[in-house]
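Visitor: Quick check, what structure comes out for this input:
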Amino acid sequence: MAFPSPYLNARQVEPATPQARKRDVALLYELLCLTMERILTSDKLDVFHNEYMLPCKLLLCSVKNHGIFYITNKVARSIVFLKEAYDNSNLIEKCSLLKFHDRFASLIRQTCSDTPSG
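Guide: Purely as a prediction, here's the structure:
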């Protein structure tokens, strides 16, 4: 079954059907693609539940699609990553804002290491 459009009105999809689950996966994929780091925390995902009529167990949906998403529970809340956007722990394509942030952080670290301790 092909993935339905994540922009499809959720009221047109019967809940708890394979098509509804595919729509949820497509919507989660699209949400992650719209973020700069291709990451969302579980509390940020909760914000979208009412607006997009997402299931309460959206993280379970992403676990079942482990080829598309990676979930970590290292902190108090779960974090969902878009697997295809990462090579190990490195983001493959960074937007210019993230590149600027990395360069700025690098310069700050360099400046801090150049200052004498004392």
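Visitor: quick one: contacts for K44?
Guide: By Cβ atoms under 8 Å, 6 or more residues apart in numbering, no residues touch K44. All C-beta atoms are positioned from the backbone trio N, CA, C, and that covers glycine.
Visitor: Work out the gap between the lowest-mean-pLDDT helix or strand in the chain and the centre of the chain.
Guide: Every helix and strand of the chain was ranked by mean pLDDT, DSSP states H and E. The lowest is helix 58-64, at a mean of 72. Distance, stretch centre to chain centre, for helix 58-64: 12 Å (Cα atoms, centre = their mean, to the nearest Å).
Visitor: which residues touch it?
Guide: So helix 58-64 is contacted by 21, 24-25, 28, 42, 45, 49, 55, 68-69, 71, 78, 80 (Cβ under 8 Å, 6+ apart).
Visitor: quick one: buried residues of that helix?
Guide: Counting neighbours by 16 or more other Cβ atoms under 10 Å, one finds that the buried residues in helix 58-64 are L58, L59, C61, S62.
Visitor: Can you name the next helix or strand after that helix?
Guide: Downstream of helix 58-64, the first helix or strand assigned by DSSP states H and E is strand 69-72.
Visitor: Sheet partners, orientation included, of that following strand?
Guide: strand 79-82 (antiparallel) (DSSP bridges).
Visitor: Can I get the longest helix seen in the chain as CSV, trimmed to CA atoms?
Guide: Selection of the longest helix in the chain by residue count, based on DSSP state H, yields helix 96-114. This file holds the C-alpha atoms of helix 96-114, laid out as CSV (Å, rounded to 0.1, in the frame of the first residue of the first chain):
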residue,chain,number,x,y,z
SER,A,96,23.2,27.2,6.6
LEU,A,97,22.0,28.2,10.0
LEU,A,98,23.3,25.0,11.6
LYS,A,99,26.6,25.4,9.7
PHE,A,100,26.8,29.0,11.1
HIS,A,101,26.1,27.6,14.6
ASP,A,102,28.8,25.0,14.3
ARG,A,103,31.3,27.5,13.1
PHE,A,104,30.4,30.0,15.8
ALA,A,105,30.7,27.2,18.5
SER,A,106,34.1,26.2,17.0
LEU,A,107,35.3,29.8,17.2
ILE,A,108,34.2,30.2,20.8
ARG,A,109,35.9,26.9,21.8
GLN,A,110,39.1,28.1,20.0
THR,A,111,38.9,31.5,21.8
CYS,A,112,38.4,29.9,25.2
SER,A,113,41.3,27.5,24.7
ASP,A,114,43.6,30.4,23.7
